[in-house]
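> Give the three-dimensional model of this entry:
(one chain, ligands or ions: 2)
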Amino acid sequence: MVVLSQPALDHYTSIKTCKPTSVFTGLPVINLRDPEAKTLMVKACEEYGFFKLVNHGVPMEFMIRLETEALRFFNLPQSVKDKAGPPEPFGYGSKRIGPNGDVGWIEYLLLNTNPQVTSLKTLTIFRQNPEIFRSSAVNDYILAVKRMAFEVLDLMAEGLKIEPRNALSRLLRDEKSDSCFRLNYYPPCPELQALSGRNLIGFGEHTDPQIISVLRSNNTSGLQICLRDGTWVSVPPDQTSFFINIGDALQVYIMSTVF
Ligand SMILES: C=C1C[C@]23C[C@@]1(O)CC[C@H]2[C@@]12CC[C@H](O)[C@@](C)(C(=O)O1)[C@H]2[C@@H]3C(=O)O
Ligand SMILES: O=C(O)CCC(=O)C(=O)O
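Ligands and ions are numbered 1, 2, ... in the order given. Coordinates of the predicted model:
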């Protein structure tokens, strides 16, 4: 058993633990090829701002390859990973999330999805970890997920009667789009879990500012969403599907059309 010294524990006091939550069984599941998809998406967005997408067309092979390469990256020695950080805003980050002082039990890579937009940090990652990029795992995955996101955004625009039909997807297609790709890794923390009896919070409570976020995870639970009544519920993991989360920008639009 590893007993952590008090200074080591103090270091983590800013990382909060997580209360047990109930599993959400009412999550809308939408088939991208369903002729009713656009109507179902709008309904899901109004009710939950969140839905699971199946039959999405992103090859499972791309998802598995990305996961393998990502694990390879996060298992590199800390000193190697640190060369690709801290994020400014792109690059490798550990525990500190974003510019507002948020912390969590998380490591991540934040990249721009536009290959034209590169930062010094991104170039360092390319140089230090050629495996993750040489295999084209990241680029293949980003491209396939973007194609799927174009379809989702076109359907949402149709469902919301926004004209022209590509009004939302063209924001993502724009070569100056600030869309980003985030690879989150939640390292195990058995000693701290044993001490607190709870799981540590990885990526704490937040909303995403964008139009939509496309989430995918491995088969591990941990993702939670907040329902309209303020209750946090746990989303059962599904490694074959994507979860679509409505960002602040689209939520404001949807809410303005409802009320
Ligand atoms: C804690 C934070 C990280 C974040 C900015 C924020 O204050 C709240 C939203 C977070 C998020 C989630 C989606 C994207 O990954 C991201 C880049 C974004 O635009 O909003 C991150 C932000 C970040 O990592 O800086
Ligand atoms: O890693 C996750 O499952 C959630 C991450 C998240 O909420 C985000 O990146 O905005």
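
> What segments of the stretch 51-200 of the chain are helices?
Assigned by DSSP state H, counting those that start in this stretch, the stretch 51-200 of the chain shows helices spanning 60-74, 78-82, 120-128, 130-134, 137-159, 169-173, 190-196.

> As TSV, those helices with mean pLDDT would be great.
Formatted as TSV, the helices of the stretch 51-200 of the chain follow (pLDDT from 0 to 100):
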stretch	mean pLDDT
helix 60-74	93
helix 78-82	90
helix 120-128	68
helix 130-134	58
helix 137-159	96
helix 169-173	96
helix 190-196	79
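
> could those go into TSV alongside mean neighbour count?
For the C-beta atoms, the positions are set from N, CA and C on the backbone; glycine is no exception. What follows is those, written out as TSV (neighbours: other C-beta atoms under 10 Å):
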stretch	mean neighbour count
helix 60-74	17
helix 78-82	12
helix 120-128	16
helix 130-134	14
helix 137-159	20
helix 169-173	17
helix 190-196	14
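
> Dump those helices into CSV; add distance to residue 247 as well.
Putting the helices of the stretch 51-200 of the chain into CSV (distance: least, C-beta to C-beta, whole Å) gives the following:
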stretch, distance to residue 247
helix 60-74, 22
helix 78-82, 28
helix 120-128, 23
helix 130-134, 26
helix 137-159, 11
helix 169-173, 11
helix 190-196, 31
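
> Please tell me I have it right and residue 183 contacts residue 70.
Yes: under the criterion of C-beta atoms under 8 Å, residue 183 makes contact with residue 70 at 5.1 Å.

> shared neighbours, the two?
Each of residue 109 lies in contact with both residue 183 and residue 70 under the rule C-beta atoms under 8 Å, 6 or more residues apart in numbering.

> what is the residue of the stretch 151-259 of the chain found nearest ligand 2 paired to in the beta sheet?
Closest contact between the stretch 151-259 of the chain and ligand 2, by C-beta to the nearest ligand atom, is at residue 184 (3.8 Å). On the basis of DSSP bridges, residue 184 is bridged to residue 108.

> How about the contacts made by the nearest residue to residue 52 once chain neighbours are set aside?
Sequence neighbours aside, residue 29 is the residue nearest to residue 52 in space, at 4.7 Å (criterion: C-beta to C-beta, 6 or more residues apart in numbering). Each residue near residue 29 by C-beta under 8 Å, 6+ apart is listed here: 51, 52, 54, 241.

> out of those residues, which are buried?
Neighbour counting with 16 or more other C-beta atoms under 10 Å marks 51, 52, 241 as buried within the contacts of residue 29.

> Report the beta-bridge partners for the first one.
To tie it back to what came earlier, the one meant is residue 51. Applying DSSP bridges to residue 51, the residues it is bridged with are residue 244.

> where does the stretch 101-250 of the chain come near ligand 1, residue by residue?
Contact residues (C-beta under 6 Å from any ligand atom) of the stretch 101-250 of the chain with ligand 1: 102, 110, 180, 182, 206, 208, 209, 213.

> from those residues, which are also near ligand 2?
Applying C-beta under 6 Å from any ligand atom to those, those adjacent to ligand 2 are 182, 208, 213.

> hang on, the second one in a helix?
No: according to DSSP: H, G, I helix; E, B strand; the rest coil, the state of residue 208 is coil, so it is not within a helix.

> How about it: what's its closest non-neighbour residue?
residue 247 (4.4 Å).

> what about this structure, any weak spots by pLDDT?
Low-confidence segments of the chain (pLDDT under 70): 1-13, 115-119, 121, 123-135, 258-259.

> Which single residue in it comes nearest to ligand 1?
Counting by C-beta to the nearest ligand atom, the chain gets nearest ligand 1 through residue 98, at 2.9 Å.

> give me every residue that touches that residue.
Counted by C-beta under 8 Å, 6+ apart, residue 98 has contacts residue 89.
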